[in-house]
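1. sequence below, structure please.
(one chain, ligands or ions: 1)
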Amino acid sequence: MISSDPPGISFSNHSSTKRYLPLAGYADKLSARPGDSVAVKVSSLLEEPYHASLVQVRYADPNPEGPGVQTEEIRVDWEGSFPSREQKFYPGSYGRVDSAGSLSKLASFTVLITLWPTLPGSSEQTLISHQHAASGWRLFLNKQGCLTVELGNGEHVKSFSLDGPLRERKWYQAWVGFDSETSGLTLGKSILDPAFNREDLCQSSKDFVFKNVSNEAPLMIGACYGDPVHSHFNGKLEAPTIFSRALNEEEVRACFEGKLSDGLAAHWDFSKEVPTSRILDNGPENLEGRLINCPARGMTGSSWEGKEMCWRHAPEDYRAIHFHEDDIYDFGWETDFHFQISQELKTGIYAIKLECGEHQDFVPLFVLPPKGSRKADLCVLVSTFTYTIYGNHARPDFNDSWRERIRDWGAYPYNPADFRTYGLSTYNFHSDGSGICFASHLRPLMNLRPGYLTFGEGNGSGLRHYQADSHLYAWLEAKGLDFDLITDQELHEEGVDSIKDYKALCTGSHPEYHTPQTLNALQNYRDQGGNLIYLGGNGFYWKIALSPENPSLLEIRRGESGIRAWAAEPGEYYHAFNGSYGGLWRRNGRPPQMLAGVGFSAQGKFEGSYYRRTEESRNPELGWMFQGLEDEEILGDFGFSGGGAAGFELDRADIRLGSPENIQIIGRSENHSSSFVLVPEEMLTHITNWPGEEEQQKLIRADLVYFKTPSGGEVFSTGSITFCGSLPWNDFDNNISRLLENVMKRFLR
Ligand SMILES: [Fe+2]
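-> Alright, predicted model coming up:
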């Protein structure tokens, strides 16, 4: 079904080789309702036209021990051939001021900026520049990490550097002044850490001739203008300021202390408009600029000392923006074609299939019923926020043996670890070691394709998210249980109204990331008498925020605690997009137990164990749940995810964290390997833990739970991320399948 192509096409770009997907696309939305228009954007490096069509994705697991990836062609009137063309994308964030006003007329000038470099010495990195061809000026760190200025006379560019590379992750003040009357240039740097102030330096040089840029060239912050924009800065920049004359050193020092001299031309204040891409100028000409590729805002600045932790409360301490050479979220490609979702198209899991010769791509699309209408009694929540947050996750353990399995199984052939320029996930780091805190689906996301393997070794298929959830969809089909879909996007926008009429709502394997709106919608649904089925582990865990300008952009601050891919810096726990406190929902007063009865307790390798039924489960009142399973003691010691229904990420009930008092624990997992550990928020000291459990090992478990809500609703939670992988086992005939079928039938009655 999916060919095992040799990955990618390589292009030599300067000294490094970059690899590109030969045929890849994305749509402007992950989900749509009948009548909605979908715009598809494609980059094809192939010569022939590509063919586009629609398929329904029946099964996304390539494991040869199952049926393999199954797609079904759907006839649509828009299918056909489209010309191949390359669409480019340019990683690296920066600020750009397009109308630079009088800045292009300056003869003499002084530029001041405060910086916190994170990768000095790795490459040439521009702090601020107004340069085009051999005209204008640029202040930058040279390849050795030394502060350098370039001045152009229209024909040549002459540079001047200060000795000594800048230190990593230290705040500096840097300035350059040019006096056209004396042709003299002064360049200075001053470190704000007194332990190193012997390295401060201010030197002058003569005989510089300066010709300013033409009116059209933009002023650039954190990069150099050109085609493409280049020399991106890594680190924080603060308060770039320009004067229309040469300041003396005393005036420069006063200016850094906030006393601005005469001749101010521009003074950008990054503490304003933090949720947006606007950068405001407090100077006389209001030279407003905009940020490209979403650098991080609401970042602690040079004056931050921990007195305030939120950027809204002390804007003067949050005047910094963190730029990265590899920031890239929304690719901004042009649309190749549009199509409208027809009224007849059934709700389901679809993909726009792109094909050219041996190359293919599958752009995911979830089709929902028309707004306000319901075609089934069951609604399945597709965790598109979580999918996007994990988008292009390059795992550090990706290796050759995984590649072998990908080839052997004919799995989706590409892995983000090989295509890092496409922008990695919020589970990865930027090249400067800071955590990636933004994500968007407006780019090709390799792990959101049928047949993608998250893990290339171990027991079972090694699937997560999109592909793992197809185990559930296939099971629902096999059992003849009709279902509608809703995604996080509609849940966020439309709230409980989008789901309130369903008899039951069921999650996939990992509904981890939520806004207050999505969590409220689910809580309200449950509290209004809805029946909730949580089929995952580590759900309802992290809080995220959506950009007010571009709702496809998601933000995560991994603050304080939790199992984390990286740790947000102190003082940077509040989202830039809406000023709310980020991190774990548990730290925001809403542990997952309050909704689903269970919450994250332990994690280990991608391995699954089983549940053992409890005495409580023998209560005759629960007889309906175990019909046909009366004699079964062990549940789920098999499966396509890690080899067992209880594994990898485990949730447990805890009344102190919000599990209801009437919760019934019907099964407990056991026999987890030594790789499983208690999550950090549950640890207090090396010997004590938050729940006060003397035998810590007892907390390493998934609880299978059931409870009734005061409004007459019912909740069933599995507390395990690998649960759904057991559903298709033995051709959908097994005790996990039977158990869930019993629950579904009751909840949908
Ligand atoms: Fe997760």
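
2. list the contacts of residue 48.
-> Contact partners of residue 48, counting by CB atoms under 8 Å, 6 or more residues apart in numbering, are 84, 356, 357. (Glycine included, C-beta is placed from N, CA and C.)

3. now do the residue nearest to the second one when sequence neighbours are not counted, the pLDDT please.
-> By that I understand residue 356. For residue 356, ignoring the flanking residues on the chain, the nearest one in space by CB to CB, 6 or more residues apart in numbering is residue 50 at 3.9 Å. Predicted confidence (pLDDT) for residue 50: 98.

4. wait, what's in contact with residue 50?
-> 23, 42, 44, 81, 82, 84, 354, 355, 356.

5. 7 Å instead, please
-> 23, 42, 44, 82, 84, 354, 355, 356 (CB atoms under 7 Å, 6 or more residues apart in numbering).

6. would you reformat those residues as CSV and include secondary structure and distance to residue 271?
-> Formatted as CSV, these follow (DSSP: H, G, I helix; E, B strand; the rest coil; distance: CB to CB, whole Å):
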residue, secondary structure, distance to residue 271
23, strand, 44
42, strand, 40
44, strand, 43
82, strand, 46
84, coil, 46
354, strand, 44
355, strand, 50
356, strand, 48
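
7. residue 722: which of those residues is nearest?
-> Comparing the contacts of residue 50 against residue 722 with CB to CB places residue 354 closest, at 31.7 Å.

8. could you measure from the closest one over to residue 21?
-> Separation of residue 354 from residue 21 (CB to CB, to the nearest Å) stands at 11 Å.

9. anything in contact with each of those two?
-> By CB under 7 Å, 6+ apart, no residue touches both residue 354 and residue 21.

10. go ahead and confirm residue 150 touches residue 141.
-> No - if you go by CB atoms under 7 Å, residue 150 and residue 141 don't touch, sitting 11.9 Å apart.

11. of these two, which one has the most company?
-> A side-by-side neighbour count of residue 150 and residue 141, using other CB atoms under 10 Å, places residue 141 first with 28 against 21.

12. residues touching that one, list them.
-> The neighbourhood of residue 141, defined by CB under 7 Å, 6+ apart, consists of 117, 120, 125, 147, 148, 166.

13. what does the second one show for phi and psi?
-> Taking degrees, to the nearest 10, you get phi -60, psi 140 for the backbone angles of residue 120.

14. neighbours around it, how many?
-> 26.

15. could you measure from it over to residue 209?
-> 29 Å.

16. compare the contacts of residue 48 and tell me which is most surrounded.
-> residue 356 (22 neighbours).

17. report pLDDT for that residue.
-> 98.

18. same check on residue 122?
-> 96.

19. would CSV of the contacts of residue 50 with distance to residue 564 be doable?
-> Below are the contacts of residue 50 laid out as CSV (distance: CB to CB, whole Å):
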residue, distance to residue 564
23, 35
42, 35
44, 38
82, 42
84, 41
354, 36
355, 40
356, 40
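
20. out of the residues you listed, who's the most crowded?
-> residue 42 (28 neighbours).

21. how much space separates residue 723 from residue 669?
-> The value you get for residue 723 to residue 669, if CB to CB is used, is 10 Å.

22. more neighbours, the two?
-> In terms of neighbours (other CB under 10 Å), residue 723 is the more surrounded of residue 723 and residue 669; the figures are 32 against 29.

23. please name the residues that touch the more buried one.
-> Contacts of residue 723 by CB under 7 Å, 6+ apart are 509, 535, 645, 736.

24. what comes into contact with stretch 670-677?
-> 602, 603, 604, 605, 607, 609, 612, 700, 701.

25. next, the buried residues of that stretch.
-> 670, 672, 676, 677 (16 or more other CB atoms under 10 Å).

26. format those residues as CSV; extra columns: secondary structure, distance to residue 107 and pLDDT.
-> CSV is the format used below for those (DSSP: H, G, I helix; E, B strand; the rest coil; distance: CB to CB, whole Å; pLDDT from 0 to 100):
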residue, secondary structure, distance to residue 107, pLDDT
670, strand, 78, 98
672, coil, 72, 98
676, coil, 68, 98
677, strand, 64, 97
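
27. sorry, back to before: now the residue nearest to residue 356: phi and psi?
-> For residue 50, the backbone dihedrals are phi -100, psi 160 (criterion: degrees, to the nearest 10).

28. ok, back up a step: now flag whichever of the contacts of residue 141 is closest to residue 394.
-> Closest to residue 394, out of all of the contacts of residue 141 and judged by CB to CB, is residue 125, at 23.4 Å.

29. for residue 581, see how far away the closest one is.
-> Residue 125 is 32 Å from residue 581, by CB to CB.

30. between these two, which is the more surrounded one?
-> Taking neighbours as other CB under 10 Å, residue 125 and residue 581 compare with residue 125 leading, 27 against 16.

31. start and end of stretch 709-729, how far apart?
-> Between the opening and closing residues of stretch 709-729 there is a gap of 32 Å (CA to CA, to the nearest Å).

32. tell me the buried residues in that stretch?
-> For stretch 709-729, by 16+ other CB under 10 Å, it's 709, 713-729.

33. got the contact list for the closest residue to residue 708 other than its chain neighbours?
-> Leaving aside its sequence neighbours, residue 708 sits nearest to residue 714 (CB to CB, 6+ apart; 5.4 Å). Listed by CB under 7 Å, 6+ apart, the contact set of residue 714 reads 531, 708, 747.
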